[in-house]
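1. All I have is the shape, not the residue letters:
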């Protein structure tokens, strides 16, 4: 039997029994749509969690902190030692002091920090207003300060843009040389707010490290971000730094763990959606069996006209694959439509209440193509048994069947 004949005969059910055929496709679509919707929710939640992470240098960066016992400390000498480790490309220390900040006539507690411009790139920090320190011309930012979004919440500033251009002053609590109580020291300069970072964990203000060091003696750093030239060498560099007694964490490890967690969540959601798909597949199997009984006489005629049992089997399997594939396409349309509708409603609500737009549902193209192919495979599997029965029918018995 020619391929063109198989194609015509395998799609003939759209003319002979259009209602039943489309209902079968819709049933497969509902089951597939459940899988697409639930797994798409898993992808969306994963993207929401991971979208804050800046790829590139962030995933090649190690966060180094001193041990709780302070048996070793982070200072300019140890930072230089990190740079001498093989495969270490750069290092960005962060100094931090408790301080009081005066902003717009109000005074509050904060942490005054000092860092080089590359620190933001290594940590993946983002600005929600203004800009971060410039790596091309850091000297131009000596009179600039960056506030965290948590700092603005402390002063009840709702619009980050309104804080830009305002000046702030600091009184810093510097540890005394004899180990006694910290000494309060007022910085001589006032600094202009040029940017607001997205950090919400604690109120903070950031100056250039050289600028802070010009007014305060910095003997220790709170942490150091070390950049490795290739992510493949994160483990050996980590081992070398841990051997010196420091604590090391890597964002790349956190990302890997998060992805594994979300893969588990997606698998669970897929199982729930798969239950609906199994029910739909059973309904499709029942339809194919009924079709076999209705077309038994037709099969007998085709066999007497020269069609082989293999041709009959291919014909029934082709019908099942067509129905399964179209069911997958309908299911993809249902799932993507639900996701688009929910995303639109959520974003409208977020814009009305001053929130941030998010996409709760996401559908990677690879996943969509997989679902389309998988639906065709499900159709194939549900059509194998009826097709085998049809191919095994005796032509004479089939013609006499009523």
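-> Received it, and whenever you're ready, just let me know what you need. Fair warning: this is a prediction, and the values are worked out from it, not measured in the lab.
2. This protein: strands as residue ranges?
-> For the chain, the strands defined by DSSP state E occupy 61-65, 88-103, 106-115, 127-130, 144-148, 167-174, 183-186, 191-197, 204-208, 223-228, 247-250.
3. what about these, which gets the closest to residue 342?
-> Of all these, it is strand 127-130 that lies closest to residue 342, at 25.5 Å by CB to CB. (C-beta placed from N, C-alpha, C; glycine too.)
4. State the pLDDT value of the nearest residue to residue 241 once chain neighbours are set aside.
-> Nearest residue to residue 241, sequence neighbours excluded (CB to CB, 6 or more residues apart in numbering): residue 248, at 5.2 Å. Predicted confidence (pLDDT) for residue 248: 89.
5. ok, residue 248 - contacts?
-> When contacts are counted by CB atoms under 8 Å, 6 or more residues apart in numbering, residue 248 is found next to 62, 63, 64, 65, 238, 241, 242.
6. Would you point out the helix or strand in the chain whose mean pLDDT is lowest?
-> Ranked by mean pLDDT, DSSP states H and E, the helix or strand of the chain with the weakest confidence is helix 395-400, at a mean of 60.
7. thinking again about what came up before, now pLDDT and distance to residue 267 too, for the contacts of residue 248, in CSV please.
-> Converted to CSV, those look like this (pLDDT from 0 to 100; distance: CB to CB, whole Å):
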residue, pLDDT, distance to residue 267
62, 89, 31
63, 91, 31
64, 91, 35
65, 92, 35
238, 90, 30
241, 92, 36
242, 91, 34
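8. Serialize the residues you listed to CSV and add fields for neighbour count and distance to residue 90.
-> Shown next, in CSV, are these (neighbours: other CB atoms under 10 Å; distance: CB to CB, whole Å):
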residue, neighbour count, distance to residue 90
62, 24, 11
63, 16, 14
64, 24, 13
65, 15, 18
238, 19, 16
241, 21, 14
242, 12, 19
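9. tell me which of those residues is nearest to residue 187?
-> Relative to residue 187, and with distances defined as CB to CB, the nearest of those is residue 65, at 25.9 Å.
10. these two touch, right, the closest one and residue 245?
-> No: between residue 65 and residue 245 there is no contact under CB atoms under 8 Å: 11.0 Å.
11. tell me, how many neighbours does the residue nearest to residue 76 when sequence neighbours are not counted end up with?
-> Nearest non-adjacent residue to residue 76, counting by CB to CB, 6+ apart: residue 93, 7.8 Å away. Using other CB atoms under 10 Å, residue 93 is surrounded by 24 other residues.
12. How much space separates residue 93 from residue 324?
-> Distance, residue 93 to residue 324, by CB to CB, to the nearest Å: 60 Å.
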